[in-house]
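1. Have a look at this prediction, sequence included:
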Amino acid sequence: MDFQLTEDQRALRDGVRDLLEGRFDRTALRAAVDASERAGAAALDRELWRELGAAGFFSLALPEADGGVGLGLPEAVLAFEEAGRALLPGPLVATFLAAGEIPGAASGDVMVTAADGPLVAWLDEADVVRGDVAGAVPARSVDPLTPLHRLPADAPREDGGPFLDGAGALLTAAEQLGSAARTTEMAVQYARERVQFGQLIGAFQAVKHLCAQMLVRAEIARGAVYAAAVTGDPLEVCGAKLLADDAAVRNARDCLQVHGGMGFTWEADVHLHLKRAWVRAGTGRSAGDAEEALAAAL
Amino acid sequence: MDLTYTAEEDEFRARLSRWLARTLPELPPPPDPLDWPGRRAYDTGWQRRLYDAGYAGLHWPVDAGGQGATPTQHLIFLEETEKAGAPYVGANFVGLLHAGPTIASEGSAEQRARWLPPVLRGEEVWCQGFSEPDAGSDLASLCTRAWRDGDHYVVSGSKIWTSHAEVADWCELLVRTTPVSGSVPKHRGISWLAMPMDAPGITVRPLRTLAGSTEFAEMFLDEVRVPVSHRVGDENDGWRVTMVTLSYERGTAFVGEVVACRRVLGELAREARKNGRWDDAVLRRRLGHLSAEFAALWRLTQWNVSESQRTGGVPGVGGSVFKLHYSHARQELYEAAADVLGPGALDLGHPWNHDRLSSLSYTIAAGTSQIQQNIVAERILGLPKGR
Ligand SMILES: Cc1cc2nc3c(=O)[nH]c(=O)nc-3n(C[C@H](O)[C@H](O)[C@H](O)COP(=O)(O)OP(=O)(O)OC[C@H]3O[C@@H](n4cnc5c(N)ncnc54)[C@H](O)[C@@H]3O)c2cc1C
């Protein structure tokens, strides 16, 4: 047993991080937010999508014989964690899951979304929609970079699909983990720069303890997400999503608190993390249903 | 990332579990929890059996009398013994889990030869004399004094919350060998001594815990003579030695208990299904959430163990992350247990209720949660020191 990242896994994670920092840094993120505001709807950067495809982001887990990279779920989780850190927009998980099944998904030429709960993301922009979206009506999405449609309350929902306890839930959890770790860093960085009462606010215990709890939440989620990626066990995936949702949402809120008034502005990135974390937490099984599923197995 | 065990590790697990299946039925019945001499005899008897079977000091270095096993094997040991319901380390806690490892890494060859084998054989029991009435979280402000008199230290002062003091043979004692002054900051001037508990001048006064037992005590030290050769590490360098001790305490000491908590969670669910409390969705969800948390704590443990296996070093500050979450999760577990029991939660006849009381110490002992949060913030996250 060696539950640490291998050299190759570290290299992969660093590679994805570099790619995203080069291609979707903070400036690009804010430009995307501004553009979506101006246009009244988020648009996806198709060129970036194809670049991700070319870099193997969507085909990571496809066998090499099928033009993929031949890696596994643990590697996919590392890539999605980076996507979560960078707040990369788009139906990443649905497109990833469609690679190898829907032509063009693996290369990033085709963007795929899926109806996997009461909400569907990127419905208008997607080239292919999986699942039944009859009667979907547009919603004013809380997340400026994730357009949403609402499905009728009585729409049929498949049980046990990939988004509930399969790879979809796990990859979404990985994005949440990346976001939770990122907001921890943002809070710590701010606490080391901002001075009040003649000292850095990070020297105040009330601030310190908020930051420490953020790290604890992120690390607990990390153990759960990585292990679920290795075992693929549906219950572990379910627990990982539960803890990662919790870490992403609560860490974003604590990060906002550490930023004070600045945290409440549109200008700070904190709200973008919080809103995306809410959207991801609303994807797949609800927290209550996840807890019920875990309890039933006791 | 690899969670599979090697063939060797599987073989180790199988051998251990066969041995446990054979040995546990031979154990005498456990003593009354309030019978301290009985508990000492029981705990050391178990340690002796481990020793005879080659499982004592499993992951200690061979030159410290250990088996030189890998951290993963130690993890398997903790998991299997807990699953099989084997006795807990009990009175051997300090000797095995922190004084021992500290002597193994910081002691001289003679000191290792003198103190480690009797711990491994279950012949000598240690206690920890760190805290004082005015030095708890602020441990470095301790003021028990030690003067040099020839080849002895003469120690006077008092210690508090000393677990198992009544039945211990040795105490890992922190003393001040140089008074605090303008030029000597309080972290300097502390030394780490092994004090024999039968030395003249030691008075042990048991303190009663809120759970009703006398598991810890106050110790009054009146000119107790301790040979200078009993000092581990250099004079005035005891703080550094202590940090080694504490990283063991936080890094590895609670690991096996996570397995126990997962077992208890299963028992809670079974009981709730039997007594009708399972119909309460709020309670069910709490249990479901706890299940995710304990599973994650176990995975975090495997992560930390893998890390120390790679670095080959002392468990890192990551132990503080574990300790912080674990101590709260354990308290939540027993709050849930009280909910499952309903009115039965007020009856001390049920073992969960005693464990509920004991769990209240988890966020205090071995460094309070507030202090752990400071450690995480300052040493892992690099936030500035200050109040
Ligand atoms: C069951 C049990 C067994 C123990 N066994 C032993 C033993 O064998 N040997 C031994 O040496 N000790 C032992 N201890 C002592 C234990 O290590 C101390 O109780 C602990 O370190 C806290 O010290 P204190 O009790 O003096 O509390 P204090 O330090 O007085 O703390 C009181 C409160 O103030 C808070 N506080 C203090 N300082 C700060 C700060 N800087 N920032 C924020 N909050 C702060 C604490 O978190 C706590 O909430 C044991 C304790 C218990 C409960």
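-> Structure's in. What do you need? Numbering: from 1, shown residues only, chains lettered A, B, ... in the order given.
2. for chain B, what spans make up the helices?
-> Taking DSSP state H to define them, one finds helices in chain B at B:7-23, B:36-52, B:71-83, B:93-94, B:100-106, B:109-120, B:238-252, B:255-275, B:281-311, B:318-341, B:351-359, B:369-375.
3. What parts of the stretch 1-150 of chain B come near chain A?
-> Residues of the stretch 1-150 of chain B found near chain A (CB under 8 Å from any CB of the partner chain) are B:1-6, B:9, B:72, B:75. Yep, even glycine has a C-beta here, placed from its N, CA and C like the rest.
4. and those residues near the ligand, which?
-> By CB under 6 Å from any ligand atom, no member of these lies near the ligand.
5. Going along the chain, name the strands of the stretch 1-150 of chain A.
-> A:112-114, A:119-121, A:128-130, A:137-139, A:148-150 (DSSP state E, counting those that start in this stretch).
6. Just checking: what are the partner strands of the second one?
-> Counting by DSSP bridges, the strands paired with strand A:119-121 are strand A:148-150 (antiparallel).
7. Output the strands of the stretch 1-150 of chain A in CSV; the columns should cover mean pLDDT.
-> CSV is the format used below for the strands of the stretch 1-150 of chain A (pLDDT from 0 to 100):
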stretch, mean pLDDT
strand A:112-114, 94
strand A:119-121, 92
strand A:128-130, 94
strand A:137-139, 95
strand A:148-150, 95
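8. follow-up on the earlier one: want to throw the residues of the stretch 1-150 of chain B next to chain A into a markdown table with neighbour count?
-> Shown next, in a markdown table, are those (neighbours: other CB atoms under 10 Å in any protein chain shown):
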| residue | neighbour count |
| --- | --- |
| B:Met1 | 21 |
| B:Asp2 | 13 |
| B:Leu3 | 14 |
| B:Thr4 | 10 |
| B:Tyr5 | 16 |
| B:Thr6 | 13 |
| B:Glu9 | 17 |
| B:Thr72 | 22 |
| B:Leu75 | 26 |
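9. Wasn't A:Val219 part of a helix?
-> Not Val; residue A:219 is Glu. Yes: assigned with DSSP: H, G, I helix; E, B strand; the rest coil, A:Glu219 falls within a helix.
10. Please report the distance of the residue nearest to it when sequence neighbours are not counted from B:Glu218.
-> Nearest residue to A:Glu219 in three dimensions, chain neighbours excluded: B:Val321, at 5.2 Å (CB to CB, 6 or more residues apart in numbering or on different chains). Going from B:Val321 to B:Glu218 by CB to CB, to the nearest Å gives 32 Å.
11. cool, A:Leu177 as well?
-> 47 Å.
12. Between the two, tell me which one has more neighbours.
-> Taking other CB atoms under 10 Å in any protein chain shown, A:Leu177 and B:Glu218 do not tie; A:Leu177 has more neighbours (28 against 17).
13. what secondary structure does that one sit in?
-> Three-state call for A:Leu177 (three-state DSSP): helix.
14. and the strands of the stretch 1-150 of chain A as TSV, adding mean neighbour count?
-> Shown next, in TSV, are the strands of the stretch 1-150 of chain A (neighbours: other CB under 10 Å):
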stretch	mean neighbour count
strand A:112-114	25
strand A:119-121	24
strand A:128-130	19
strand A:137-139	11
strand A:148-150	18
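15. So which of those strands is nearest A:Ala218?
-> Nearest to A:Ala218, of all those, is strand A:119-121, at 24.3 Å by CB to CB.
16. List of residues touching that closest one?
-> By CB atoms under 8 Å, 6 or more residues apart in numbering or on different chains, the residues outside strand A:119-121 that reach it are A:91, A:94, A:113-114, A:129, A:131, A:133, A:136, A:139, A:146-151, A:279, A:282-283.
17. Poorly predicted segments of the stretch 1-150 of chain A, please.
-> Of all residues in the stretch 1-150 of chain A, none has pLDDT under 70.
18. near chain B, which residues of it?
-> Taking CB under 8 Å from any CB as the contact definition, the stretch 1-150 of chain A meets chain B at A:1-6, A:9, A:74.
19. and which of those is nearest to B:Trp126?
-> A:Met1 (30.9 Å).
20. if we can go back for a sec, pretty sure the residue nearest to A:Glu219 is touching A:Ala218, no?
-> No: here B:Val321 does not reach A:Ala218: they are 9.5 Å apart, not a contact under CB atoms under 8 Å.
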